[in-house]
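Colleague: Any chance you could fold what I've pasted below:
(2 chains)
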Amino acid sequence: MTSENGALLELKNLKKHFPIGGNFITGGHEYLKAVDGINLTIEEGTTYGLVGESGCGKSTTAKMILQLEDPTEGEIIFEGRNALDKKSSAQRDYKSKVQAVFQDPWASLNPRMRVQDIISEPLQVNTKLTKGEIKTKVGEILDQVGLHPYQAGLYPHEFSGGQRQRIGVARALALNPKLIVLDEPVSALDVSIRAQIMNLLMDLQKEYGLTYLLIAHHLATVRYMCDKMGVMYLGKMVETADTDDLFDNPTHPYTQALIGAALPYHPDSDKEENILQGEVPSPINPPSCCSYERLCPDPENSGQTIGYKEVGPNHSVAIAEDCYSEHGCHYFPRVRQ
Amino acid sequence: MATETSSEQANKDNNDNEYVLEVNDLQTYFVSKWGTVKAVDGISFKLKKGETLGIVGESGSGKSVTVTSLMRLVPSPPGHIVGGEVLLEGQDLLKLSDKEMEKVRGDKLAMILQDPMTALNPVFDIEDQVGEALGIHEGLKGNTLKDTVIDMLQKVRIPAADTRMKDYPHQLSGGMRQRVVGAIGISCNPVVLIADEPTTSLDATIQAQYLNLLNELQEETGVGIIFITHDFGVVAKMCDRVAVMYAGKIVEQADVREIFNNPQHPYTQALIASVPKMEENVDRLYAIPGNPPIPNKPTPCQTCGEASPILVKHSEDHWVAKCGSDTSCQGWFPRDLD
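Modeller: Predicted structure coming up:
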């Protein structure tokens, strides 16, 4: 079941502001705006890629979707219903349909639990299956992710990195989820193993109609796996488009810089280099939003509101809405060195 | 294909004196009660002045143990350099006493580590840490030392170096910290600089800045760089020559273009094919089945069962690990299949 426009998950003006300083009675006086009003729509059966550098808020977004953090403001709409509804039946339903695969398979599996317990725990909590049924189900899931059912009795340390990530995927699959949040699922793995896991994830998607939100910083991985993608910068979405369109026609200067900074695939590659100057400003008190392209003539009163401009079908880019200059700057606050 | 063999031959082909570093048949083993792990098992390579050699491999392939062996920093016990020679400008580092080695380390042979937060000491400011090696090796003091430190920080493009050098590591961003580590590395004008995955902890845009900086520093100083990485993108951008390591051995060694255009060893071919490219959208990646073996027991090739490969010359300056004279096998490629 999805909402009218075919969207499985919609984020509307989602914000997460962490209070800084103060104490637990007075609270903070300043806020770190980790995620500051992002909108995105993921259609059923597709993969959405979220890219950006560390600190841009992509993991906080994932945590809010997994309800490990409460949003400060905004809505999460899942299957046409408000996912932030605190009613326990709604919560139980949401949390079994939205699962996660984490980055580090050494840290995300409990070393004291056998594989069968890791995979069956969500089944014991959320379903009324008998012990025998659970055992059969665990065997089936292990088979789906390319492990042998006899390995169910082993502990995580008896597996290699790639196999451990397969166990992580198996755990996410146990409750037949709709949406799986993949937070850097291959970046902790060896190069020769990454393709195995990416192919496994794509095969499972085809077979079960899964929807993925992929968080990654490696652009080639995103191009390989995603249908649509969004580029995040300083808690905001600066460009969203269909994946191929975004790589072929990057519009925002930050997207251009990310693609320009990606490493060549061949020593004779004629890829243009685009080295970004300056640094990402602190998300506590960011400077006015068009400070990269030209110095704002009146930073107090302009370049503070972010807006979006459509530059093609499904392709929008963040601009400074009240910019003084006539052509309008892109939203791109930056600290100059 | 020529059938000349053996690693020494690979090294004796060229004129010896243009090389700043020569490693011959280096073997580093880790001994424990569960057995001996041959982490580095007889590898040889050479480095010219101003050249960058990439050592590519995945975790456990022995690339980091190789460079810690060059620096003679292998924790012992359990690690032992059991054989081979490391000639830095003709001087065998493995024959030096610990005292003599201290004089080489950080001076002629320097290293940039992966994680700048652990490579820098949090309780000393930048000036102390960049100045330490200069004080020890060059005997600089007082204002001369201070000026040299500022000079080094400017070389790695740290803005306002004279005030920034009073900062502590936590006050700098990740990219800046790695620049400081780079400044320490080049401070005594090393002949060979070892960079052990220096950019894996950096963001993409910062990584590009840093790699360009290393290239510029190399052009200025002519330092030979050994670049340890698992990323073929870094290899394509930085390296002149490439040695691909697998299970403690070098399985292929050639010029960087030769490696990309004409890879001979099945592992090199598979690695290049299994990495997605940003420039094009492929339907399905090639995935290498199985896992790399742990070299704690003989590692037989999965095709022909041969456990001790030999380096065979494929073409001028291009060497491939093969399973003996049996040419039907494409290359020595052991793999744990599950």
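Colleague: give me the number of residues near B:Asn24?
Modeller: Using other C-beta atoms under 10 Å in any protein chain shown, B:Asn24 is surrounded by 20 other residues. Glycine gets a C-beta too; all of them are placed from N, C-alpha and C.
Colleague: The helix or strand in which it is found pairs with which strands, parallel or anti?
Modeller: If you go by DSSP states H and E, B:Asn24 is part of strand B:19-32. Applying DSSP bridges, strand B:19-32 is found paired with strand B:35-48 (antiparallel), strand B:79-88 (antiparallel).
Colleague: Ranking those strands by mean neighbour count, which comes first?
Modeller: Burial of the strands paired with strand B:19-32 is given as mean neighbour count (mean count of other C-beta atoms under 10 Å in any protein chain shown); strand B:35-48 ranks first at a mean of 21.
Colleague: Quick one: distance of the strand holding B:Asn24 to the chain centre.
Modeller: Mean C-alpha position of strand B:19-32 versus that of the full chain (C-alpha atoms, centre = their mean, to the nearest Å) differs by 12 Å.
Colleague: Pull out the buried positions in that strand.
Modeller: Across strand B:19-32, burial judged by 16 or more other C-beta atoms under 10 Å in any protein chain shown covers B:Tyr19, B:Val20, B:Leu21, B:Glu22, B:Val23, B:Asn24, B:Leu26, B:Gln27, B:Thr28, B:Tyr29, B:Phe30.
Colleague: before we move on, the earlier item: next, format the strands paired with strand B:19-32 as JSON lines and append mean pLDDT.
Modeller: Formatted as JSON lines, the strands paired with strand B:19-32 follow (pLDDT from 0 to 100):
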{"stretch": "strand B:35-48", "mean pLDDT": "89"}
{"stretch": "strand B:79-88", "mean pLDDT": "90"}
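Colleague: Could you dump the ones you listed into CSV with distance to A:Arg112 added?
Modeller: Shown next, in CSV, are the strands paired with strand B:19-32 (distance: least, C-beta to C-beta, whole Å):
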stretch, distance to A:Arg112
strand B:35-48, 27
strand B:79-88, 31
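Colleague: Quick one: find the helix or strand in chain A with the lowest mean pLDDT.
Modeller: When each helix and strand of chain A is scored by mean pLDDT, DSSP states H and E, strand A:306-312 comes last, with a mean of 85.
Colleague: The closest residue to chain B within the stretch 201-337 of chain A: what secondary structure?
Modeller: Using C-beta to the nearest C-beta, the closest approach of the stretch 201-337 of chain A to chain B is made by A:Leu263 at 2.7 Å. On the three-state scheme (DSSP: H, G, I helix; E, B strand; the rest coil), A:Leu263 is labelled coil.
Colleague: Burial check on it, number of neighbours?
Modeller: If we define neighbours as other C-beta under 10 Å, then A:Leu263 has 23 of them.
Colleague: List just the nearest of the buried residues of strand B:19-32 to chain A.
Modeller: B:Phe30 (19.0 Å).
Colleague: Could you list the alpha-carbon positions for stretch A:306-318 in CSV?
Modeller: Presented in CSV, the C-alpha positions along stretch A:306-318 are these (Å, rounded to 0.1, in the frame of the first residue of the first chain):
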residue,chain,number,x,y,z
ILE,A,306,16.8,28.5,0.8
GLY,A,307,14.5,27.8,-2.2
TYR,A,308,14.5,25.2,-4.9
LYS,A,309,14.6,25.7,-8.7
GLU,A,310,13.5,23.1,-11.2
VAL,A,311,16.2,22.6,-13.8
GLY,A,312,14.8,19.6,-15.5
PRO,A,313,12.3,16.8,-15.0
ASN,A,314,12.7,15.5,-11.4
HIS,A,315,15.8,17.7,-11.1
SER,A,316,15.9,20.5,-8.6
VAL,A,317,18.7,22.5,-7.1
ALA,A,318,18.9,24.7,-4.0
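Colleague: gap between it and the chain center?
Modeller: That offset, for stretch A:306-318, works out to 20 Å (C-alpha atoms, centre = their mean).
Colleague: If we go by neighbour counts, what in that stretch is buried?
Modeller: Quick answer for stretch A:306-318 (16+ other C-beta under 10 Å): A:Ile306, A:Tyr308, A:His315, A:Ser316, A:Val317, A:Ala318.
Colleague: Kindly report the same for stretch B:88-106.
Modeller: In stretch B:88-106, counting by 16+ other C-beta under 10 Å, buried: B:Leu88, B:Leu93, B:Leu94, B:Leu96, B:Met101, B:Val104, B:Arg105, B:Gly106.
Colleague: contacting residues around it?
Modeller: Contact with stretch B:88-106 is made by B:20-21, B:70-73, B:81, B:84-87, B:108-109, B:133, B:136-137, B:188, B:191-192, as judged by C-beta atoms under 8 Å, 6 or more residues apart in numbering or on different chains.
Colleague: residues in contact with B:Gly222?
Modeller: B:Lys49, B:Gly50.
Colleague: Show the residue spans covered by the helices in the stretch 101-250 of chain A.
Modeller: A:115-126, A:131-144, A:161-173, A:191-208, A:219-225, A:243-248 (DSSP state H, counting those that start in this stretch).
Colleague: how about low-confidence regions in the stretch 201-337 of chain A?
Modeller: Scanning the stretch 201-337 of chain A for pLDDT under 70 picks out A:288-304, A:322-328, A:336-337.
Colleague: tell me which parts of it are close to chain B?
Modeller: When proximity is defined by C-beta under 8 Å from any C-beta of the partner chain, the stretch 201-337 of chain A lies next to chain B at A:202, A:217, A:219-221, A:223-224, A:243-244, A:247, A:257-269, A:271, A:273, A:275-276, A:279, A:337.
Colleague: Separate out the buried members of the residues you listed.
Modeller: So, by 16+ other C-beta under 10 Å, the buried ones in those are A:202, A:217, A:219-221, A:223-224, A:243, A:247, A:257-267, A:271, A:276.
Colleague: neighbours of the residue lying closest to B:Ile186 once chain neighbours are set aside, just the number please.
Modeller: Excluding the flanking residues, the one nearest B:Ile186 by C-beta to C-beta, 6 or more residues apart in numbering or on different chains is B:Leu217, at 5.9 Å. For B:Leu217, the neighbour count with other C-beta under 10 Å is 20.
Colleague: Check the gap between B:Leu217 and B:Gly182 for me.
Modeller: Plainly put, B:Leu217 is 7 Å away from B:Gly182 if you go by C-beta to C-beta, to the nearest Å.
Colleague: now B:Val37
Modeller: On the measure of C-beta to C-beta, B:Val37 and B:Gly182 end up 32 Å apart.
Colleague: same check, this time on B:Gly83
Modeller: B:Gly83 is 33 Å from B:Gly182, where distance means C-beta to C-beta.
Colleague: and stretch B:55-71, average pLDDT?
Modeller: For stretch B:55-71, mean pLDDT is 89.
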